[in-house]
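K.L.:
Sequence and predicted structure, then a few things I'm wondering about:
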Amino acid sequence: MELAGKRLLVTGGAGFVGSHLADSLVADNDVLVVDDCSNGNAEWIPDEATFVEGDLTNADVVADVVTEDVDAVFHFAASKAVNTDTPRKQFTENSEMTYNLLERMAEVGVEKFAYTSSSTVYGEAPRPTPEDYAPLEPISVYGAAKLAEESLVSTYAHSHDLQSWVFRFANIVGSRLQPGAVIPDFILKLREDPETLTILGDGRQEKSYMHISECIDAMEHVVEHADADHNVYNLGTRTTTSVNTIADIVADEMGVDPDYEYTGGDRGWTGDVPRMRLSIEKLSALGYRPSQSSDDAVRAATRELIAEL
């Protein structure tokens, strides 16, 4: 699908990834953003976009924003905390939002749907993990919800004339990333106490990190070039970095030299996947190759977030 001259709905468009996508799309498209701003910021929505504040678990809100003149829906709205204190609420609300959107799209004939999933659907899988790895065994409720929602998208793609693109994200970092993620958490901790940094787990957790700018470029490339009825793509880098290395990078950029203290164990919280690297061979074969390593992405994001937080 060509991303120009279209009317596009971006759900969660006041959030981290959604607002960056809206920024990119408004130059050539008519963009409508819907968000309840529970984990986003309305100030991040580009002025050129139309903004509707609303909760997509409410069917009336969904009916207002998903109309027959919409060419495609980019669904980024979600409760995103992997270690949430309210897992049942997160599972129910995230799944309900996705189902509401798909159901309404089928009613009015909107046939293009892009969905942000997560590497957490794989659970603790061999690395690098390709899109066709099986069985998918998530170990967090967040990952379980993402897998359930992927199943809904697949069902509509195969049974309701919907073309879909599902993106399984590595760790996406950059401007507007909020506390709760490792980089902003380290920045805030070191501002409060530059002498000591407490690190969850043993610091040896190792994952792929992709900068938000390349994430947006990759998503747009996939939507424009992948033309199956149901398209599933990993988005990440070929490299990984450890939590200890992230701490080193953040400390270096802040000009401090803290002692590290650890909470212990091989993971930061229940449901945390301690090691993750996605295969991006399918993305590469489609013609998109990220230019930054995980370390490069972390350093660029650190510099942006130091200036913002």
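P.N.:
Yep, that arrived.
K.L.:
Please report the distance of the residue in the chain sticking out farthest from the centre from residue 259.
P.N.:
Residue distances from the centre of the chain (Cα atoms, centre = their mean) peak at residue 195, which lies 32.2 Å from the mean C-alpha position. Distance from residue 195 to residue 259, counting by Cβ to Cβ, to the nearest Å: 7 Å. In this view, the C-beta of every residue, glycine as well, is placed from N, C-alpha and C.
K.L.:
could you pull out the strands for the stretch 201-309 of the chain?
P.N.:
Using DSSP state E, counting those that start in this stretch, the strands of the stretch 201-309 of the chain run over 206-207, 209-211, 230-235, 241-242, 259-262, 275-276.
K.L.:
If you count neighbours, what's buried in the lengthiest helix in the chain?
P.N.:
The longest helix of the chain (DSSP state H) is helix 87-108. In terms of neighbour count (16 or more other Cβ atoms under 10 Å), helix 87-108 has its buried residues at 87, 90-91, 93-102, 104-105.
K.L.:
List of residues touching it?
P.N.:
By Cβ atoms under 8 Å, 6 or more residues apart in numbering, the residues outside helix 87-108 that reach it are 11, 56-57, 59, 62-63, 66-68, 70, 73, 75, 77-79, 81, 84, 110-111, 113, 115, 141-142, 144-146, 148-149, 152-153, 156, 160, 162.
K.L.:
Would you mind giving me the PyMOL syntax to select the buried ones in these?
P.N.:
Buried members of the contacts of helix 87-108, defined by 16+ other Cβ under 10 Å, are picked up in PyMOL with:
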select buried, resi 11+56+57+62+66+70+73+75+77+78+79+84+110+111+113+115+141+142+144+145+146+148+149+152+153+156+162
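K.L.:
quick one: which of the contacts of helix 87-108 sit in helices?
P.N.:
Secondary structure assignment by DSSP H places 59, 62-63, 141-142, 144-146, 148-149, 152-153, 156 of these in helices.
K.L.:
could I get those as a markdown table with distance to residue 235?
P.N.:
Supplementary listing: the ones in helices among the contacts of helix 87-108 in a markdown table, determined by distance: Cβ to Cβ, whole Å:
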| residue | distance to residue 235 |
| --- | --- |
| 59 | 30 |
| 62 | 26 |
| 63 | 31 |
| 141 | 22 |
| 142 | 17 |
| 144 | 20 |
| 145 | 19 |
| 146 | 14 |
| 148 | 20 |
| 149 | 17 |
| 152 | 20 |
| 153 | 16 |
| 156 | 21 |
